[in-house]
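J.: Just to be clear, the model below is a prediction. Sequence and coordinates:
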Amino acid sequence: MPNSSIPSTRQQVAVIALGGTIAMRAVDPHSGAVPDDSLTPLLEDAAFSGVTFTRLHDLPSCEIGFDHLLELARVIEDRFREGCPGIVVTTGTDTLEEVAFALELLVRRSGPVIVTGAMRYANAIGADGPVNLLSAIIAAREPALTGAGVLVCMNEELYPARYTRKTATHGHGFQSVPVGPVARVIEGRILVQAELPPLPLFPIAHAAFVHKAALICAAFDDDGAAYEHLLHRPVPGLVVEALGGGHVSGAVRDVLEKLAQSIPVVIASRTGYGPTLSASYGYRGGDIDLRRIGTIGAGLFDARKARVALTIMLTAGCGHEEIAAFFAP
């Protein structure tokens, strides 16, 4: 339920909260962190003046879904139409990378969109929420970042949403591969270090997502059994987190050949660095063979990003050629 706790002003940065650790605190040492109204008193501090605040949801990361992001995208576009110069979204870090990347593909932007969160809850010693939020607000006020795409702000660094990953369960938990930070917050100013070409937008006309792609991880000694049920229980699209440069066993390959006749099958790499290959290995289940049977290489996108993109494109009504063109290097 939307709840604007700070009056709206046209030239103020909008902070929109989905929940997550940044809005949690531990009641006692044994209970663990739970959702709590931690952002409101923080934003009332003088350091955070000149912002509006909307608590759109108060959810842990694992409860956020595609329909929440469609709602969020429309709220962000409304704020831009009202004259807001920039947007900050706060959310849980476990799925922050999916949230940020989905917004990159969904939101028409006339100012920066910055996504942030926290690795330590509000009343933990060394809580990182305040500095992450302040850095994100500074970034959202920087016009030079308007064309930079959606950015993730953690530890005074700004990463492109398309390549951001949570890579650790604690501490400095975020990286951007294959490029590093595209900007940094230094002494309250933004230092831009790199620019990336824009990604296409896929506006969703529906009130909710009508297609959600499946994601399966290839495994050592994989007999394909985990894929067989998809032949009898159809899904609109499939992403496979494959081995190495995008390879699977012969048994998995045979199932994927059948699936690729009716749905888009996207092959990503589990390695965490480098693009999927397309002209290196010709054995059954190798990258050349998988392209021959009609699968699509994910390029530099990891499997989680590929699933987000495929779900959005399917719901937007994109066909196989448009999907393949998006992932093409």
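T.: Looks like it arrived, so ask away. Residues are numbered from 1 along each chain as shown.

J.: C-alpha from now on. contacts and neighbour counts both.
T.: OK.

J.: quick one, phi/psi of the residue nearest to residue 189 when sequence neighbours are not counted?
T.: Nearest residue to residue 189 in three dimensions, chain neighbours excluded: residue 138, at 7.2 Å (C-alpha to C-alpha, 6 or more residues apart in numbering). When read as degrees, to the nearest 10, the backbone of residue 138 gives phi -60, psi -40.

J.: same check, this time on residue 24
T.: Dihedral angles (degrees, to the nearest 10) for residue 24: phi -120, psi 160.

J.: Can you give me the domain boundaries for the chain?
T.: Annotated domains of the chain cover 4-192, 214-327 [automatic domain parsing].

J.: related to what we said a few turns ago, my read: the residue nearest to residue 189 touches residue 188, true?
T.: Yes - applying C-alpha atoms under 8 Å, one finds residue 138 in contact with residue 188, separated by 6.8 Å.

J.: Which one's more surrounded, those two?
T.: residue 138 (19 against 12; other C-alpha atoms under 10 Å).

J.: Quick one: residues contacting the more buried one.
T.: Counting by C-alpha atoms under 8 Å, 6 or more residues apart in numbering, residue 138 touches 185, 188-190.

J.: Got a quick PyMOL command for the buried subset of the residues you listed?
T.: Remark: buried members of the contacts of residue 138, expressed as a PyMOL selection using 16 or more other C-alpha atoms under 10 Å:
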select buried, resi 185+190
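
J.: among the contacts of residue 138, which are in strands?
T.: Using DSSP state E to define strands, the subset of the contacts of residue 138 located there is 185, 189-190.

J.: Using CSV, list the CA coordinates for the helix or strand hosting residue 99.
T.: Assigned by DSSP states H and E, residue 99 falls within helix 96-106. Presented in CSV, the C-alpha positions along helix 96-106 are these (Å, rounded to 0.1, in the frame of the first residue of the first chain):
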residue,chain,number,x,y,z
LEU,A,96,18.5,-6.4,-6.2
GLU,A,97,20.2,-7.4,-9.4
GLU,A,98,16.9,-8.6,-10.9
VAL,A,99,15.0,-5.6,-9.8
ALA,A,100,17.5,-3.1,-11.2
PHE,A,101,17.9,-5.0,-14.6
ALA,A,102,14.1,-5.3,-15.0
LEU,A,103,13.8,-1.5,-14.5
GLU,A,104,16.4,-0.9,-17.2
LEU,A,105,14.2,-2.7,-19.7
LEU,A,106,10.8,-1.3,-18.5
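
J.: Show residues contacting that helix.
T.: The contact list for helix 96-106 (C-alpha under 8 Å, 6+ apart) reads 61, 69-70, 73, 115-117, 149-152, 161-162, 164-166, 199-204, 304-305, 308-309, 312.

J.: Find the nearest non-adjacent residue to residue 80, please.
T.: residue 110 (6.4 Å).

J.: what about that neighbour, distance to residue 159?
T.: According to C-alpha to C-alpha, to the nearest Å, residue 110 stands 19 Å off from residue 159.

J.: who's more crowded, the two?
T.: Between residue 110 and residue 159, counting by other C-alpha under 10 Å, residue 159 is the more crowded of the two (28 against 18).

J.: Would you enumerate the residues in contact with that one?
T.: Here residue 159 is in contact with 151-153, 175-176, 180-183 (C-alpha under 8 Å, 6+ apart).

J.: Select from the residues you listed every entry located in strands.
T.: 151-153, 175-176, 183.

J.: now, the most widely separated pair of the residues you listed?
T.: Pairwise distances across these peak at 13.0 Å for 175 and 183 (criterion: C-alpha to C-alpha).

J.: so how many other residues sit close to the residue nearest to residue 259 when sequence neighbours are not counted?
T.: Excluding the flanking residues, the one nearest residue 259 by C-alpha to C-alpha, 6+ apart is residue 231, at 6.8 Å. Neighbours of residue 231 under the rule other C-alpha under 10 Å: 12.

J.: Please apply the same query to residue 38.
T.: 18.

J.: So it sits against residue 21, correct?
T.: No - using C-alpha under 8 Å, residue 38 is not in contact with residue 21, being 9.6 Å away.

J.: okay, and the common contacts of the two?
T.: residue 122.

J.: Phi, psi for residue 42 please.
T.: According to degrees, to the nearest 10, residue 42 has phi -60, psi -50.

J.: wait, it sits on residue 130?
T.: Yes - counting by C-alpha under 8 Å, residue 42 touches residue 130, with 7.4 Å between them.

J.: Pick out whichever of the two has more residues nearby.
T.: Under the criterion of other C-alpha under 10 Å, the comparison of residue 42 against residue 130 puts residue 130 first, with 19 against 16.

J.: Is the more buried one in a helix, a strand, or coil?
T.: Secondary structure of residue 130, reduced to three states by DSSP: H, G, I helix; E, B strand; the rest coil: helix.
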